[in-house]
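Colleague: Just a sequence and a predicted model for now, questions to come.
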Protein chains: 2
Amino acid sequence: MGMPSLSLPPSTLCLTLNLFISRQDIDAMLLLLRRCRRLTAGLSPAQAQRARPAASPAPSWCGVGGGSRSSSGGGEDRQTAQDPRWRPALAGLLVGTGAVLAYGLHHHKAERPLAPMEPALPVFSQAEVSKHGSLEAGVWVTFRGGVYDITDFVAMHPGGDKILLAAGGALEPFWALYAVHSQDHVLDILSEYKVGELDPEDQARQRAVEPSDPYSGDPQRHPVLRVNSAKPFNGEPPPELLGDSYITPSAIFFKRNHLPVPRVDPASYRLRVEGLPRPLSLSLADLKSRFPKHTVTATLQCAGNRRSEMNAVKQVKGLNWGIAAISNATWSGALLRDVLREGGWGPEAAAAAAAAAGRGARHVQFEGLDADASGTTYGASIPLNKALSEEGDVLLAYQMNGEDLPADHGYPLRVVVPGTVGARNVKWLGKVIVSREESASHWQQNDYKGFSPGTDWDTVDFKSAPAIQELPVQSAITQPADGAVLERDADGEVTVRGYAWSGGGREVVRVDVSLDGGKTWQVARLREGEEQGEEQGEAPPPPPLPGRAWAWKLWEVVAPLPPGEQQVEIVCKAVDNSYNMQPDSVAPIWNLRGVLSNAWHRVRVTVRED
Amino acid sequence: MGMPSLSLPPSTLCLTLNLFISRQDIDAMLLLLRRCRRLTAGLSPAQAQRARPAASPAPSWCGVGGGSRSSSGGGEDRQTAQDPRWRPALAGLLVGTGAVLAYGLHHHKAERPLAPMEPALPVFSQAEVSKHGSLEAGVWVTFRGGVYDITDFVAMHPGGDKILLAAGGALEPFWALYAVHSQDHVLDILSEYKVGELDPEDQARQRAVEPSDPYSGDPQRHPVLRVNSAKPFNGEPPPELLGDSYITPSAIFFKRNHLPVPRVDPASYRLRVEGLPRPLSLSLADLKSRFPKHTVTATLQCAGNRRSEMNAVKQVKGLNWGIAAISNATWSGALLRDVLREGGWGPEAAAAAAAAAGRGARHVQFEGLDADASGTTYGASIPLNKALSEEGDVLLAYQMNGEDLPADHGYPLRVVVPGTVGARNVKWLGKVIVSREESASHWQQNDYKGFSPGTDWDTVDFKSAPAIQELPVQSAITQPADGAVLERDADGEVTVRGYAWSGGGREVVRVDVSLDGGKTWQVARLREGEEQGEEQGEAPPPPPLPGRAWAWKLWEVVAPLPPGEQQVEIVCKAVDNSYNMQPDSVAPIWNLRGVLSNAWHRVRVTVRED
């Protein structure tokens, strides 16, 4: 049957959540969800026929909730089940986050289910399966020739109701997109829901149209990248390489994809621009010829950069980025401002829109051409005033470091929003929409936001926090590496290098470095743009205008190693020209999505005497 | 003779330094400087006649410098004198900072000088005194009928060479301006330099023209203000009052004056605007009638707010502000942008200026009408793009909270630069200058800047740091007060209230409050503008536009007191929409001027059981 064509409301809720869940997590979650399933539904006829080797799926098994976070024994589980707190926890599940399960449930992992005993099962045709395409009619799916009634499982799916896209059809195309499903435990759990076999003729038809790996069109990547996720591809360069060049070569520029890399034909490519007095449809040639070419050196940083340090405090959801989900490049393209003006956006349009609507447009939405199996594309938005400002420097970029954009970085066109979190710099740009509303996408509404350390998946209200736009001040040590062993030479000195950057065009004005864990500090030398440009053999960039310092600064300090010490903790912290400074420690800025990790960076090294 | 009219190069270096030095400090400094004076000059004939009861003014007494900071005994002093480090320390003195002495010298305080024995001294005429009006001719001054040769003291004056303004004349007008001199130790030290008596006829003439207290024209202030300095006036409201009203009543709005309040005649007042194609001279009526009236609710904060917490870590220079050097008001006036455009500043002027100069104007300087005895006025500047931006909201304000500006807040006209440190919001505005350069004033160049904790008065290079403009994210607890005793009632709850604000128009999006010193956190309720406006019986303000959140947020949380605890540490920290957060602790942000004190605010309370 191939891709199911259900007319469900587009929901992106689970799209990336799946991508952020580790395989261990999903094992634990699915196992527990299975044990809990009687909580949410009665038995269907098919289930009643099914063998249930994993007994006792009673509420008392359901150690789900805040209360179990610190538990470690079975007795605690029983208490938790009686605790009214399990109810909001389950509600958390039902809205599809699932991730609430991540913390307290590892103690369930040891209990692997036995392989279910399979009685002889009936054979169903694809036509019969297709009738079970909704919660009302029951949700059936096929997988490798089996037929499964997963009606009861839908509410417990860690990825939310995205699972309904497969209702009445085959799981294979979805599991190909979300490789996290390819593990034994997932198959174990699925097997419990088996209600029959698919007619062999229909199996043959299905195989004939089975989609290939949606990631098979992804480009080759540089082998030096540390891969945090292969599908979609997410990788970061080694820190020591990152810190060595002011302009990051495109091949090692960190890559953060949410979906397969789309193949875009540059000849037929059109950018649509909407929400304007004169909507536009622009070819690449239009973008290059009708608007002045503008070049900006800008650092992009993933909201999840340095997430691994938050994970060390307490597990969060997301890719386990080190310190290198940040890079700096030179971008060239048309100014978004110029394009919007070409479409008739100006003071008059703004005034008219405001008068007509009571409240004017305030956002510019971007839609990527990268899409999931349902056709939902990546999307984000930025404030309209950033896009329109003479000093915003927002680009519709077709070049990176002087060449066509690489496939991984948005060929043929992407947005570059200097000073703004990577997630808003939409790649493979298909559409620009001036709007009263922010992007409705999952990534704008329910993902890249910051919360208090006390907020967990039970209590989080994504509407309560603003979408991340400008990022806070940041710095990290790229040399020496954490855990390095240094030889104490005659000088007794160590060279410490790193990067520093701040969002919103705020220039980094100082980096303090400590060799005693933060007790005393010295000021690092900022390797200014000029010197950094020279290193690249390029013309030195002009000094940044106030509020337009889009590029990072690399820094260096040569400092005496504390005499006699064999364990040295090196720390850095940066200050920007709003005099915001990095916070001291990770725990007080910890948040459930592991974003905005910008505490002092600490590197512990061992000093060996000569 | 009244005010001396010397034509010295205008120097403002010591102006505020004096104001920031505590009386204890100046005691210690002057005493030590006196002991050190042989280091810098030979003996003048007059000195040779003078009695010297405080013997041994040899270099070995001069425990000045970084090395003495941790010293506590006389033996250490000798070592320090031999230490080459005393040389840069002395250099620090010579450029007039003087404050280098503050730390290590308190152990000298116990050694008060004996009253000098006074032999019969010659009588000098004012004409004779006036001949000694320079370092070359010797520096003589008069005070209460005595004549003093202070030539050797000039280089050691903690306030720098400002002292030369009095050369050949009377000290009284200067000491009236800088009330810090009115203490016994200063008189003791002066007495050592006495060389004669002033002719009684000249004394009578002097008394006839003696200026009145330059602060005698200052307005009455509300008695509830905590006075940090009476002359010039610096006062802050009680925190519990501050936190009670979204709009701070003008009478208790914190007051930070650098000089006497000037009396300005509104009828003859003119604002001069220079550096434009068409320079302007605008009356108050012009400002009110020729430009649209624009109203902004904006919080102003002194760079030194919460300095007392830095003092608790290590002594800094400056007024010992608590948490209330911040207030919020509604300001009305003409947009600076509109005025600059009236003077012909626009894209064309900017382009022409840039083409002519190779580099265009980048700053707008402001000069106040408040002046010191030499006529040097208060001054500051802001980046030109802030002034010109449609979204900068920079006002030439003639109203505060709906009424004419009060005298203490700049009557008849001041600049209000929303989102920017108080020091740039120049009061009693006399002149606006569009310029390629920042203001040359002391306060722009050598005062309101931030440095690393490792930077001290020996090593500081004021050119190495940018002038503070936007301030970092800030919050503090206004209730309960530090040290409060709370009764644990039946609810066992405490109400915690405070303020939160960030510079640059960045909206505060969250305040976290901890009742266990920062281990666990809950989210405070932000009392939004609407509710806050209602409290004032005013129309609710519209929600702030992105990047234009100029006003603070008051917040509140009602939280359970930790059971059983009698000592509770309450902590708050704010997050703005760039997701910058306050740093955890004070020591790593400590700086020698005690500015930018924005660590978590901590309040310790005692809980008494019911």
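Modeller: Cool, got the structure.

Colleague: give me phi/psi at residue A:202?
Modeller: According to degrees, to the nearest 10, the main-chain angles of residue A:202 amount to phi -70, psi -30.

Colleague: ok, for it, nearest residue in space, not its chain neighbours?
Modeller: residue A:126 (3.9 Å; CB to CB, 6 or more residues apart in numbering or on different chains). All C-beta spots, glycine's among them, are computed from the backbone N, C-alpha and C.

Colleague: Repeat that for residue A:489.
Modeller: Residue A:489's closest residue in space is residue A:610 (CB to CB, 6+ apart), at 6.0 Å.

Colleague: ok, how many other residues are close to the one you found?
Modeller: Residue A:610 has 8 neighbours, counted by other CB atoms under 10 Å in any protein chain shown.

Colleague: for residue A:322, same thing?
Modeller: Residue A:322 is flanked by 20 other residues according to other CB under 10 Å.

Colleague: And it, what's its pLDDT?
Modeller: The confidence metric pLDDT takes the value 97 at residue A:322.

Colleague: who touches the closest residue to it other than its chain neighbours in this structure?
Modeller: Of all residues beyond its chain neighbours, the one nearest residue A:322 is residue A:308 (5.5 Å), with distances taken as CB to CB, 6+ apart. For residue A:308, the contacting residues are A:320, A:321, A:322, taking CB atoms under 8 Å, 6 or more residues apart in numbering or on different chains as the criterion.

Colleague: How about residue A:418?
Modeller: Residue A:418 makes contact with A:296, A:298, A:392, A:393, A:394, A:395, A:505, A:548, A:550, according to CB under 8 Å, 6+ apart.

Colleague: and of those residues, the nearest to chain B?
Modeller: residue A:548 (8.8 Å; CB to the nearest CB).

Colleague: And the nearest residue to residue A:134 once chain neighbours are set aside, its phi and psi?
Modeller: When the adjacent residues along the chain are set aside, residue A:134 lies closest to residue A:167, with 6.3 Å between them (CB to CB, 6+ apart). The main-chain torsion angles of residue A:167 are listed as degrees, to the nearest 10 and equal phi -60, psi 130.

Colleague: burial measure for residue A:167, as a count.
Modeller: Counted with other CB under 10 Å, the burial measure for residue A:167 works out to 24 neighbours.

Colleague: Residue A:491 too?
Modeller: 9.

Colleague: Close to chain B: what parts of the stretch 401-550 of chain A are there?
Modeller: Counting by CB under 8 Å from any CB of the partner chain, the positions of the stretch 401-550 of chain A adjacent to chain B are A:450, A:452-455, A:465-466, A:468-473, A:503-504, A:506, A:509-510, A:512, A:518, A:520-523, A:545-547.

Colleague: Bridged to the residue nearest to residue A:437 when sequence neighbours are not counted, which residues?
Modeller: Closest residue to residue A:437 in three dimensions, ignoring its sequence neighbours and counting by CB to CB, 6+ apart: residue A:363, at 6.2 Å. When bridges are assigned using DSSP bridges, the partners listed for residue A:363 are residue A:383, residue A:435.

Colleague: quick one: low-confidence parts of chain A?
Modeller: Counting by pLDDT under 70, chain A shows low-confidence ranges at A:1-119, A:159-160, A:176-180, A:209-211, A:347, A:350-359, A:528-543.

Colleague: make it 80
Modeller: For chain A, the stretches flagged by pLDDT under 80 are A:1-119, A:156, A:158-162, A:165, A:173-185, A:206-212, A:346-360, A:528-545, A:610.

Colleague: Mark out where each domain of it begins and ends.
Modeller: A:10-107, A:123-208, A:226-464, A:474-609 (automatic domain parsing).

Colleague: tell me what the one helix or strand residue A:369 maps to is packed against?
Modeller: Assigning secondary structure by DSSP states H and E places residue A:369 in strand A:363-371. With contacts defined as 3 or more CB pairs under 8 Å, 6 or more residues apart in numbering or on different chains; DSSP states H and E, the secondary structure elements packing on strand A:363-371 are strand A:377-383, helix A:384-388, strand A:429-435.

Colleague: Can you say which of those is nearest to residue A:484?
Modeller: strand A:377-383 (37.6 Å; CB to CB).

Colleague: Only the C-alpha atoms, please, for the closest one, written as CSV.
Modeller: Taking only C-alpha atoms (Å, rounded to 0.1, in the frame of the first residue of the first chain), the coordinates of strand A:377-383 have been written out as CSV:
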residue,chain,number,x,y,z
THR,A,377,7.9,20.6,6.6
TYR,A,378,10.4,22.1,8.9
GLY,A,379,9.4,25.6,10.0
ALA,A,380,10.3,28.5,12.2
SER,A,381,9.7,32.2,12.5
ILE,A,382,11.5,35.4,13.7
PRO,A,383,10.2,38.8,14.8
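
Colleague: who are the neighbours in contact with the one residue in the stretch 151-300 of chain A that gets nearest to chain B?
Modeller: Ranked by CB to the nearest CB, the top residue of the stretch 151-300 of chain A for proximity to chain B is residue A:299, at 14.9 Å. For residue A:299, the contacting residues are A:326, A:327, A:328, A:501, A:550, A:551, A:552, taking CB under 8 Å, 6+ apart as the criterion.

Colleague: Return the subset of the residues you listed lying in strands.
Modeller: Restricting the contacts of residue A:299 to those inside strands, with DSSP state E as the criterion, leaves A:326, A:327, A:328, A:501.

Colleague: Among those residues, which pair sits farthest apart?
Modeller: Every pair in the ones in strands among the contacts of residue A:299 was compared (CB to CB); the two farthest apart turn out to be A:327 and A:501, at 10.4 Å.

Colleague: out of those two, which sits in the more crowded spot?
Modeller: In this comparison of residue A:327 against residue A:501, neighbours counted by other CB under 10 Å, the higher total goes to residue A:501 at 28 against 25.

Colleague: these two touch, right, that one and residue A:553?
Modeller: Yes - judged on CB atoms under 8 Å, residue A:501 makes contact with residue A:553 at a distance of 7.2 Å.

Colleague: Kindly point out which residues are neighbours of both of those two.
Modeller: Residues touching both residue A:501 and residue A:553 comprise residue A:508, with contact defined as CB under 8 Å, 6+ apart.

Colleague: Give me the nearest residue to residue A:236, chain neighbours excluded.
Modeller: Taking CB to CB, 6+ apart, and ignoring the residues beside it in sequence, residue A:236 has residue A:324 as its nearest neighbour in space, at 3.9 Å.

Colleague: Next, that neighbour: secondary structure please.
Modeller: When states are read from DSSP: H, G, I helix; E, B strand; the rest coil, the local structure at residue A:324 comes out as coil.

Colleague: hang on, the earlier thing: tell me the phi and psi of the residue nearest to residue A:322?
Modeller: In this entry, residue A:308 is assigned phi and psi values of phi -60, psi -30 (degrees, to the nearest 10).

Colleague: gap between the residue nearest to residue A:202 and residue A:132?
Modeller: Using CB to CB, to the nearest Å, one obtains 11 Å as the distance from residue A:126 to residue A:132.

Colleague: Out of these two, name the residue with the larger neighbour count.
Modeller: Set side by side, residue A:126 and residue A:132 give different neighbour counts by other CB under 10 Å, the larger being at residue A:132 (24 against 19).

Colleague: isn't that one right up against residue A:148?
Modeller: No - Residue A:132 lies out of contact with residue A:148 (CB under 8 Å); the separation is 10.0 Å.

Colleague: Spit out the residues that contact these two alike.
Modeller: Applying CB under 8 Å, 6+ apart, one finds that residue A:132 and residue A:148 are jointly contacted by residue A:140.

Colleague: thinking again about what came up before, same list (the helices and strands packed on strand A:363-371) but as JSON lines, adding mean neighbour count.
Modeller: Output for the helices and strands packed on strand A:363-371, formatted as JSON lines (neighbours: other CB atoms under 10 Å in any protein chain shown):
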{"stretch": "strand A:377-383", "mean neighbour count": "25"}
{"stretch": "helix A:384-388", "mean neighbour count": "22"}
{"stretch": "strand A:429-435", "mean neighbour count": "22"}
